[in-house]
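Enquirer: Generate coordinates for the sequence data below:
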Amino acid sequence: MCGGCGGREPTDWARGLHAGPPARAALAAAATRLAGRRGLRAVARPGGWLITTPTGSTVPCHQLTTLVGALRHAVGAPPAPPAPDPGQPSGRLTVPPPDARTPVHLRIAPGAPPVTGADGRWTAPTDEAALPLLASLATGPPALRHYLAGISGGTAPWARPAPSPVDFADAGPERAADLLAWVEWCRQAGAFTTTPLAARLPLAPDAELELEIRAGQVVRATTAGRRPA
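Expert: Residues are numbered from 1 along each chain as shown. Predicted coordinates:
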């Protein structure tokens, strides 16, 4: 929790992306710019960030989610902002090591018993029963071992096949922090609660982040080799 957790939560979905001072400084600049309020700023510090409000109070944060959440709270939780200015890149993110987690294929089928197998074959009997499974892949202990690779059988809008990934390849790695902070801000504003998002964000000349959000939950954030333009 922001302000009182005393350490980084192990299920921070973006934890590998802000490892190291340069990446945290880039996200601090990006998130501060999104907030857009004079006197409100975030600065990087070991293990996270420190937000200073116009009144001088401070809020320590250890996750991207709580950094963005605290800034949104400070400015009155506005709706999703426009895309960040490409002329003001905040900087690169850290390229995480290869992902060793097991991919999950979630099947929603009436009458199917709830299953969360270690082999990645998960089932749920209804869309509603699948929601906590998605949440666990975003913030629960299973997120340390699994990520969502596919979903089938659901009828809710968030369970439908994701559209073709939004490809930010033209943005360049220097804008990675701006795009990540913007996507998280939009997520917290409810932009992806109904409509799923799939996106590719450039991290380096040879690496990109593959991101998927369903029912408002980040169910996949994995690193892959960069695709040819």
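Enquirer: element containing Pro103?
Expert: strand 102-108 (DSSP states H and E).
Enquirer: Direction included, what does that strand pair up with?
Expert: Strand 102-108 has the following sheet partners, assigned by DSSP bridges: strand 121-124 (parallel), strand 146-152 (parallel).
Enquirer: Any chance of those strands in TSV with distance to Gly39 and mean neighbour count as columns?
Expert: In this view, the C-beta of every residue, glycine as well, is placed from N, C-alpha and C. Converted to TSV, these look like this (distance: least, Cβ to Cβ, whole Å; neighbours: other Cβ atoms under 10 Å):
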stretch	distance to Gly39	mean neighbour count
strand 121-124	46	20
strand 146-152	39	19
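Enquirer: Out of those, which is closest to Gly69?
Expert: With Cβ to Cβ, the closest approach to Gly69 among the strands paired with strand 102-108 belongs to strand 146-152: 22.2 Å.
Enquirer: same for the helix or strand following that closest one, what does it pack against?
Expert: For strand 146-152, the following helix or strand on the C-terminal side (DSSP H and E) is strand 166-167. Counting contacts by 3 or more Cβ pairs under 8 Å, 6 or more residues apart in numbering; DSSP states H and E, strand 166-167 is packed against strand 197-204.
Enquirer: Quick one: list the elements packing against the strand it packs on.
Expert: Against strand 197-204 (3+ Cβ pairs under 8 Å, 6+ apart) you get strand 166-167, helix 176-188, strand 207-214.
Enquirer: That concludes my questions; thank you for your assistance.
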